[in-house]
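# sequence and predicted structure are below.
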Amino acid sequence: MGAHPAALAFVQTPKPAPSSFARETYFGVTAMRFTNALGVSRYGRYRIVPEAGIDHPDEAATAAKPANYLFDELSARIAANPIAFAFRTTGQ
């Protein structure tokens, strides 16, 4: 990490808890090669973005919730409506 200060900063920065698994963005770990119709390739990763938007409540609101709140909320959400995500690529 010493050779990559941006990566070190990312790892050390506290991450906020989401209000729901359905309101969090997810990132692919593996980079893949994407080739367009012209044969031009570039590498990138998938980013999975919730259509309901990203939501991170403040620390006090998260601390007031039970430890299993993400799983409990997800069950109720799925019972009421489907969850949708958009798949995007991030190129480098």
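Looks like it arrived, so ask away. Residues are numbered from 1 along each chain as shown.

# can you tell me the SS state at Gly44?
Secondary structure, DSSP: H, G, I helix; E, B strand; the rest coil: Gly44 is strand.

# now it: how far from Pro50?
To Pro50, Gly44 is 20 Å away according to Cβ to Cβ, to the nearest Å. No exception for glycine: its C-beta is placed from N, CA and C like everyone else's.

# higher neighbour count, the two?
Pro50 (19 against 15; other Cβ atoms under 10 Å).

# against Ala61, how distant is that one?
Distance of Pro50 to Ala61, computed by Cβ to Cβ: 18 Å.

# just the strands from the protein, written as ranges.
Secondary structure of the chain (DSSP state E): strands at 26-27, 32-35, 41-50, 85-91.

# just the CA coordinates of the third one, formatted as CSV?
What follows is strand 41-50 as a C-alpha-only set of coordinates in CSV (Å, rounded to 0.1, in the frame of the first residue of the first chain):
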residue,chain,number,x,y,z
SER,A,41,-10.4,-2.7,-26.2
ARG,A,42,-10.0,-1.3,-22.7
TYR,A,43,-10.0,-2.8,-19.3
GLY,A,44,-12.6,-2.0,-16.7
ARG,A,45,-14.7,-3.4,-13.8
TYR,A,46,-18.5,-3.7,-13.3
ARG,A,47,-20.2,-1.3,-11.0
ILE,A,48,-23.7,-2.3,-9.8
VAL,A,49,-25.8,0.7,-9.0
PRO,A,50,-29.2,0.6,-7.2
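
# tell me which residues of that strand come out buried.
Arg45, Val49, Pro50 (16 or more other Cβ atoms under 10 Å).

# report the contact partners of the first one.
Taking Cβ atoms under 8 Å, 6 or more residues apart in numbering as the criterion, Arg45 is in contact with Phe27, Gly28, Val29, Thr30, Ala31, Met32, Thr89, Thr90.
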